[in-house]
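Peer 1: Dropping a prediction and its sequence here:
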Amino acid sequence: MTDLIELDGVEKVFDVRRKTGRWRREKRQVRAVDGISFRVPRGEMVGYIGPNGAGKSTTIKMLTGILTPSAGRIGVAGLDPSRERTKMAQRIGVVFGQRTTLWWDLPLYDSYRLAHRMYRIPDARFRENLDRCVELLDLASLLDVPVRQLSLGQRMRGDIAAALLHDPDVLYLDEPTIGLDVISKAKVRQFLRDLNAERATTILLTTHDLTDIEQLCKRVMVIDHGRLMYDGALAGLHEAGEGERTLVVDLERELPPVRAEGARVIKVEGPRQWLAFPASASAAPLVAQIAAEYPLVDLSVREPDIEAVIARMYEGPEVH
Ligand SMILES: Nc1ncnc2c1ncn2[C@@H]1O[C@H](COP(=O)(O)OP(=O)(O)OP(=O)(O)O)[C@@H](O)[C@H]1O
């Protein structure tokens with residue numbers, strides 16, 4: 001597989017001036033992106049996540065060519081995005097959940113006609129792509145409606161279609177499901193899955209909704225303070241940020257905290273107790289030990305959920 005996106009030691013430093021007194025101004029530098037390298041092969045769907053201010057939007061702006069890196073090298077589909085911005089625009093689609101690229105006062109269809117002209121999309125291809133998006137994103141009844149009258153979910157589907165009419169190789173999605181109801185979220189996710197599977201469109205997805213990642217991406221990159229903290233399989237994220245799993249035991253009655261080798265009680269609620277134990281250890285001997293010594297009624301083992309894992313990664317030192 002060829003790499004469609006390549007970043008080598010990419011940095012972005014912003015000069016910020018801040019007023020500190022009546023006459024005084026302080027000059028400060030913000031390292032929004034601090035030496036990031038990664039590669040994304042054609043056809044992959046990757047999650048790009050991190051807390052607010054981590055540098056996600058800045059990375060996407062550099063990938064689209066809106067911002068020029070302060071250092072390092074970026075290649076997308078063989079182009080240097082900031083130097084070849086016009087050519088780059090032909091190869092990428094961008095959707096910002098918080099902002100629309102559609103014309104607010106015009107019917108949805110007019111925005112598509114403008115895209116048709118702007119990207120000089122051949123007529124037959126435009127028709128074909130539009131028909132496909134209209135069908136799969138359920139837009140038929142919305143084409144004549146002015147964009148400002150659309151609900152957020154309808155508008156988002158309209159925006160996704162607009163980003164795809166010119167057959168981009170790469171689709172950048174910044175919070176594509178933000179503010180959507182459950183049904184709209186499901187529709188958008190299904191569409192992205194199909195797009196990725198059928199057209200091998202490479203997708204970089206930024207989101208705060210970890211369900212998006214769980215349902216769409218096998219690979220995830222975590223960025224914090226402008227640095228890549230994790231790049232790998234979603235499953236591995238649990239182990240990377242891990243430490244512990246939790247054994248939840250239901251006893252016959254309320255009892256003092258259970259004593260068991262290799263585990264410690266972290267919570268007691270009536271007859272239910274929560275025990276933390278190393279994720280690398282098997283639960284079986286622990287369960288056997290407790291079952292032998294306590295009146296055990298039921299039990300379950302909980303994996304750390306990704307929210308907790310990621311929260312811990314942000315708190316802790318660098319994770320490899
Ligand atoms: N044009 C700019 N001038 C100065 N500082 C900026 C500029 N753009 C971003 N920053 C700073 O760079 C850092 C990274 O911002 P960025 O918007 O990339 O983060 P993010 O991960 O996208 O966050 P969010 O999830 O909140 O959108 C922040 O500290 C931000 O304040």
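Peer 2: Done, it's in.
Peer 1: Now residue 290: closest residue in space, sequence neighbours ignored.
Peer 2: Nearest residue to residue 290, sequence neighbours excluded (Cβ to Cβ, 6 or more residues apart in numbering): residue 260, at 5.4 Å. Just so you know, the C-beta spots here come from the backbone N, C-alpha and C atoms, and that holds for glycine as well.
Peer 1: and the chain, which of its residues are near the ligand?
Peer 2: Selection of the chain residues close to the ligand by Cβ under 6 Å from any ligand atom yields 14, 16, 30, 32, 50, 52, 53, 54, 55, 56, 57, 58.
Peer 1: 8 Å - rerun?
Peer 2: By Cβ under 8 Å from any ligand atom, the residues of the chain that approach the ligand are 12, 14-16, 30-33, 50-61, 174-175, 206, 208, 223, 226.
Peer 1: Distance check, the residue nearest to residue 290 against residue 293.
Peer 2: 8 Å (Cβ to Cβ, to the nearest Å).
Peer 1: Tell me the helices and strands packed up against the one helix or strand residue 111 maps to.
Peer 2: Element membership for residue 111, per DSSP states H and E: helix 108-118. Other helices and strands packing on helix 108-118, by 3 or more Cβ pairs under 8 Å, 6 or more residues apart in numbering; DSSP states H and E, are helix 123-136, helix 152-164.
Peer 1: 6 Å instead, please
Peer 2: Helix 108-118 is packed against helix 152-164, with contacts defined by 3 or more Cβ pairs under 6 Å, 6 or more residues apart in numbering; DSSP states H and E.
Peer 1: what comes up buried for the helix it packs on?
Peer 2: Neighbour counts using 16 or more other Cβ atoms under 10 Å place 153, 154, 155, 156, 157, 158, 159, 160, 161, 162, 163, 164 of helix 152-164 among the buried residues.
Peer 1: So which bits of stretch 188-195 are buried?
Peer 2: Burial within stretch 188-195, assessed by neighbour count using 16+ other Cβ under 10 Å, is assigned to 188, 189, 191, 192, 195.
Peer 1: Single out whichever of the residues you listed has the smallest pLDDT.
Peer 2: Sorting the buried residues of stretch 188-195 by pLDDT puts residue 188 at the bottom of the list (87).
Peer 1: Pretty sure that residue sits in a helix.
Peer 2: Yes. Assessed by DSSP: H, G, I helix; E, B strand; the rest coil, residue 188 belongs to a helix.
Peer 1: And the pLDDT at residue 32?
Peer 2: pLDDT, residue 32: 95.
Peer 1: What sits closest to it if chain neighbours are left out?
Peer 2: Leaving aside its sequence neighbours, residue 32 sits nearest to residue 58 (Cβ to Cβ, 6+ apart; 4.2 Å).
Peer 1: So that neighbour: helix, strand or coil?
Peer 2: Assignment for residue 58 (three-state DSSP): helix.
Peer 1: my read: it touches residue 33, true?
Peer 2: Yes. Using Cβ atoms under 6 Å, residue 58 is in contact with residue 33, at 5.3 Å.
Peer 1: Am I right that the residue nearest to residue 290 is in a helix?
Peer 2: No. Per three-state DSSP, residue 260 lies outside any helix segment and is coil.
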